[in-house]
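Student: pasting the sequence and the predicted model now:
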Amino acid sequence: MASLVASTRKRAACDFCDACIAHIRPTRIRPHAHTTIAGRASSSAPIQHAPRRALLEPRRTSQNARHFRHLSTSLGTSVTSPEPAGLIQLTSRRLISLSGADAAKFLHGLVTNNVDQLSRSPFYTAFLDARGRVLWDVFIWPAVDEHWACQIEVDANEVESLTKHLRKHKLRSKITIRPVGDDELRVWADISGTQPEDLPLSTRSIKDPRSPRMGTRYLLDASYEPQERQSMQSYRRWRYINGVAEGQEEILRESALPMESNIDLSRGIDFRKGCYVGQELTIRTKHTGVVRKRILPIQLYRKGEQPPSAEPDEDFLAAHSPTGWDGEVDSGTDIKELDADGNIKKGRATGKFVAAEANLGLALCRLEMMTSWRVTAEGGSLRPGAEFGVQGKNGELIRIKSHVQPWMREREKELWDKGRPQLAK
């Protein structure tokens with residue numbers, strides 16, 4: 001047996017000669033097999049290039065795409081969207097270049113995630129203020145340079161503010177900061193689950209960690225033009241279905257908390273990390289083991305309409321009503337429980353309205369008051385059949401139904417259950 005083990009180890013350690021290597025056929029990677037940084041387990045991972053389409057996988061035609069639109073949009077963990085194939089240019093996002101000998105060390109002290117100067121994998125993170133409130137939610141795109149460098153992807157309306165913030169903290173750090181023009185690089189998203197065939201080999205990509213179904217993001221040269229393209233409306237609607245907030249119109253600057261904005265569930269916080277701006281409150285919250293409010297997907301409906309199902313497996317897009325909803329509710333409006341007559345009760349709000357695309361949207365919800373999600377041993381106060389509503393701009397009462405995505409419960413349990421009493425979910 002010992003000789004067998006020894007021979008096995010010896011064979012495992014053998015090398016291929018150059019002649020053999022030249023004739024080895026490269027392994028093709030299926031589109032959904034590439035996962036860039038979900039956990040960022042390796043600190044020395046190379047830059048992620050976009051994988052090519054599998055050899056025998058047929059390309060979805062426009063006719064197929066139209067048919068695919070009507071498939072079920074279960075709130076489970078499917079990685080594909082019912083939207084037609086095509087890339088979406090994220091015009092709501094812009095880039096800031098950060099380079100120099102001290103770039104990694106400098107950024108590490110300002111964001112919630114770990115910045116590893118040996119890694120070239122993109123990742124999601126956030127900037128906080130000293131009180132632990134979110135300033136900006138960002139993606140970091142490491143770049144090839146003499147030293148570690150990156151592009152910081154941020155809300156397009158916040159480029160100037162973030163640039164000033166970085167320069168304020170620069171002090172004597174050897175770094176260079178400059179906004180990246182829209183004629184240099186652009187951010188794209190693929191939510192349809194199809195892998196474009198014409199992507200350049202140098203494409204940087206990340207499997208969006210904010211939800212298992214958010215697809216892939218790409219950083220591409222401004223000259224690139226996809227064969228098929230979809231609208232920002234499709235992207236926004238798909239984010240809302242999956243409970244993903246983005247930008248400072250939805251994650252309010254200097255007001256939102258990272259856990260309430262699901263940045264922890266989005267793999268955007270490294271709780272083992274050392275000192276960074278805003279760490280104290282973030283770590284203290286982690287040690288308490290309780291997050292009472294989170295941003296959740298919601299459906300809006302009116303009196304007399306059938307209330308949405310309480311189960312998270314319904315077809316959200318089938319309930320999508322594109323007319324008569326946009327702009328009817330101000331962001332930040334209180335959500336309250338309704339009484340037996342369908343009127344808004346007085347007293348404490350159960351949540352706050354965030355945003356909507358037609359009758360699908362996001363709201364910051366008190367979990368134990370608006371959902372069956374238990375986060376404390378005492379449990380919540382949700383009554384069977386309870387309805388919630390918000391006052392529209394024109395005074396009309398609009399009802400709201402919140403939903404908890406299964407992946408949210410799974411990731412929350414993974415992150416927060418250690419060291420706290422087990423709760424019935």
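Tutor: Happy to help now that I have it.

Student: hey, let's count contacts and neighbours off CA atoms from now on
Tutor: OK.

Student: which SSE is immediately downstream of the helix or strand of the chain with the lowest mean pLDDT?
Tutor: The weakest-scoring helix or strand in the chain, judged by mean pLDDT, DSSP states H and E, is helix 62-68 (a mean of 32). For helix 62-68, the following helix or strand on the C-terminal side (DSSP states H and E) is strand 88-89.

Student: in its sheet, what does that following strand sit against?
Tutor: The pairing partners recorded for strand 88-89 under DSSP bridges are strand 185-190 (antiparallel).

Student: after the strand it pairs with, next one along is what?
Tutor: Trace forward from strand 185-190 with DSSP H and E and the next one is strand 204-207.

Student: tell me what that following strand is packed against?
Tutor: strand 216-221 (3 or more CA pairs under 8 Å, 6 or more residues apart in numbering; DSSP states H and E).

Student: ramachandran angles for the residue nearest to Leu265 when sequence neighbours are not counted?
Tutor: Residue nearest to Leu265 in three dimensions, not counting chain neighbours: Arg411, with 5.9 Å by CA to CA, 6 or more residues apart in numbering. For Arg411, the backbone dihedrals are phi -70, psi -40 (criterion: degrees, to the nearest 10).

Student: quick one: mean pLDDT over stretch 130-149.
Tutor: The average pLDDT within stretch 130-149 is 94.

Student: pull out the buried positions in that stretch.
Tutor: Buried residues in stretch 130-149, counted by 16 or more other CA atoms under 10 Å: 132-143, 148-149.

Student: I'd like those residues as a markdown table, with secondary structure and distance to Arg217 appended.
Tutor: What follows is the buried residues of stretch 130-149, written out as a markdown table (DSSP: H, G, I helix; E, B strand; the rest coil; distance: CA to CA, whole Å):
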| residue | secondary structure | distance to Arg217 |
| --- | --- | --- |
| Gly132 | coil | 27 |
| Arg133 | coil | 26 |
| Val134 | strand | 22 |
| Leu135 | strand | 22 |
| Trp136 | strand | 18 |
| Asp137 | strand | 15 |
| Val138 | strand | 13 |
| Phe139 | strand | 10 |
| Ile140 | strand | 12 |
| Trp141 | strand | 11 |
| Pro142 | strand | 14 |
| Ala143 | strand | 15 |
| Trp148 | coil | 21 |
| Ala149 | strand | 19 |
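
Student: and of the residues you listed, the nearest to Asn242?
Tutor: Set against Asn242, the nearest of the buried residues of stretch 130-149 by CA to CA is Asp137 (17.0 Å).

Student: ok, now which ones touch that closest one?
Tutor: Contact partners of Asp137, counting by CA atoms under 8 Å, 6 or more residues apart in numbering, are Tyr124, Thr125, Ala126, Phe127, Val154, Asp155, Glu246, Gly247, Gln248, Ile251.

Student: gap between it and Asp341?
Tutor: 41 Å (CA to CA, to the nearest Å).

Student: repeat for Leu360
Tutor: 25 Å.

Student: could you do Lys273 as well?
Tutor: 51 Å.

Student: of these two, who's got more company?
Tutor: Ranked by neighbour count (other CA atoms under 10 Å), Lys273 and Asp341 place Lys273 first, with 15 against 7.

Student: list phi and psi for the more buried one.
Tutor: The phi/psi pair for Lys273 (degrees, to the nearest 10) is phi -70, psi 150.

Student: please report phi then psi for Phe353.
Tutor: Given degrees, to the nearest 10, the pair of backbone angles that Phe353 has is phi -70, psi 140.

Student: right, I'll leave it there.
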